[in-house]
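# Would you be able to build a 3D model of this:
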Amino acid sequence: MRYAIINGGVSRSFAENDLLFSSAAAAEDADVLIYADGTKLAPDPAKVAVLVELGTESLAIYAGEEPNTSFANVVGYARYRNGDDAPSKLVELVRRPWTNDSALQAARDVFEGAGLDVVVCADQPGRIIDRLVRPKYNAALRLLDEGLATEADMDLTCRLGLGYPDGPIERIKRGGLLHHYKITQALFETYGTPAYAPPRQAIDAARRAGVKK
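Numbers count the residues shown, from 1 in each chain. Below you'll find the predicted structure:
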């Protein structure tokens, strides 16, 4: 499956030396177009699939709420990344109810061909991973504020008791509290669920960075 990458230079999914770049074709020769963050999506029904990189937003922002044949081959994607950490091997693919199965399969083929792992989810902001882990990270930060345990003890408990490779606090801080704030704030604004509300440390980090609500 031939693919081209339309790169605006700010993609969080791919490093400059990523394997996908070395195997990319020219846009006119490609069956699949991959739009990285920072580029404006241009629908192309003649392609097998057109992929658009997502942050916390919904694919419906690009493909619309109602079925449209011009966007039936548009698939959202996000390669999971913990803030400033290197991108993981996991790619979340996002489809609308009317997304073509052939477009979804083409997207899967491209990413799996580059050695990445792929999961498919419905069009919900935050997708699978962030909707699962952000409330846990928020809870850990709030428990730290309440003095339940020290940061070191809480992380050690999760590593030894739950078998995690790292603790929640060290993971959040390594990825960046500002990054955590931006994701949780976006999810809180979307869903209104208290578990997504940014905790104090994340809010303070955003204020130090000059982020205004």
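
# where exactly do the strands run in the protein?
Along the chain, the stretches classed as strands by DSSP state E are 3-6, 32-35, 49-53, 74-79, 90-95, 117-122.

# between these, which one is nearest to Leu143?
Taking Cβ to Cβ as the criterion, strand 90-95 is the member of the strands of the chain that comes nearest to Leu143, at 27.1 Å. Heads up, the C-betas are built off the backbone N, CA and C, glycines and all.

# Tell me which other helices or strands that closest one touches.
For strand 90-95, the helices and strands in contact under the criterion 3 or more Cβ pairs under 8 Å, 6 or more residues apart in numbering; DSSP states H and E are strand 74-79, helix 101-113, strand 117-122.

# Which neighbours in the sheet does the first one have, and how are they oriented?
Sheet pairing here is set by DSSP bridges, and for strand 74-79 it gives strand 49-53 (parallel), strand 90-95 (antiparallel).

# just to revisit the earlier point, comparing the strands of the chain, which gets the lowest mean pLDDT score?
Taking the mean pLDDT of each of the strands of the chain, the lowest value is held by strand 3-6, a mean of 91.

# from what I can see Cys121 touches Val91, true?
No - with contact defined as Cβ atoms under 8 Å, Cys121 does not reach Val91; the gap is 10.9 Å.

# which one of these two has more residues nearby?
Relative neighbour count places Val91 above the other of Cys121 and Val91, with 23 against 16, counting by other Cβ atoms under 10 Å.

# Tell me the bridge partners for that one.
The partner residues for Val91, given DSSP bridges, come to Arg79, Val118.

# Return the most buried member of the strands paired with strand 74-79.
Comparing the strands paired with strand 74-79 by mean neighbour count (mean count of other Cβ atoms under 10 Å), strand 49-53 comes out on top with a mean of 26.

# How far away from the center of its chain is that one?
Here strand 49-53 is found 14 Å from its chain centre; the criterion is Cα atoms, centre = their mean, to the nearest Å.
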